[in-house]
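Novice: Prediction below, plus the sequence it came from.
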Amino acid sequence: MRRLREMVTEQAYLRASAAAGSDDDAHARWMLVFDRVARGLRLSIALVARLARERRWDAKDLKREIKNAIERAGAPVKDTPVPQ
């Protein structure tokens, strides 16, 4: 998925660069396409990073809740690392 987004962004940039020498209107349109595709790519990458952070936070919260429930039940608690 990431490679596809990169390829689309690269193609939009190449077309904008090629249009720069011929037609100002075509160049402006392709630069707008490139800008929008690049923005979408950046937002997608940021969303993936945010979701990964939230999964780690959820895992830590879940571990804490489980540990508290075990302690309330009176059983000994063994610390284990949270997978990332």
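Specialist: Happy to help now that I have it.
Novice: ok, which stretches of this structure are helices?
Specialist: 2-20, 24-73 (DSSP state H).
Novice: Adding mean neighbour count and mean pLDDT, write these out as CSV.
Specialist: C-beta here means a position set from N, CA and C on the backbone, and glycine is covered the same way. Formatted as CSV, the helices of the chain follow (neighbours: other C-beta atoms under 10 Å; pLDDT from 0 to 100):
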stretch, mean neighbour count, mean pLDDT
helix 2-20, 14, 77
helix 24-73, 12, 87
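Novice: Check the gap between R55 and S44 for me.
Specialist: For R55, the distance to S44 equals 17 Å [C-beta to C-beta, to the nearest Å].
Novice: cool, and A20?
Specialist: Relative to S44, A20 is positioned 27 Å away (C-beta to C-beta).
Novice: try A73
Specialist: 43 Å.
Novice: How about A28?
Specialist: Counting by C-beta to C-beta - A28 and S44 are separated by 25 Å.
Novice: And D24, by the same measure?
Specialist: As judged by C-beta to C-beta, D24 and S44 stand 30 Å apart.
Novice: Ok, A18 next?
Specialist: Distance of A18 to S44, computed by C-beta to C-beta: 26 Å.
Novice: E71 now?
Specialist: Relative to S44, and taking C-beta to C-beta, E71 is found at 41 Å.
Novice: From what I see, E6 and G40 are in contact.
Specialist: No - look at E6 against G40 with C-beta atoms under 8 Å: they stay out of range, at 11.6 Å.
Novice: farthest residue from the center of the protein?
Specialist: Going by C-alpha atoms, centre = their mean, the residue of the chain most distant from its centre is G74, 41.5 Å out.
Novice: so what pLDDT did that residue get?
Specialist: For G74, the pLDDT comes out at 80.
Novice: Distance check, it against L47.
Specialist: In terms of C-beta to C-beta, G74 sits 43 Å off from L47.
Novice: ok, now A12?
Specialist: 20 Å.
Novice: do F34 as well
Specialist: In terms of C-beta to C-beta, F34 sits 20 Å off from L47.
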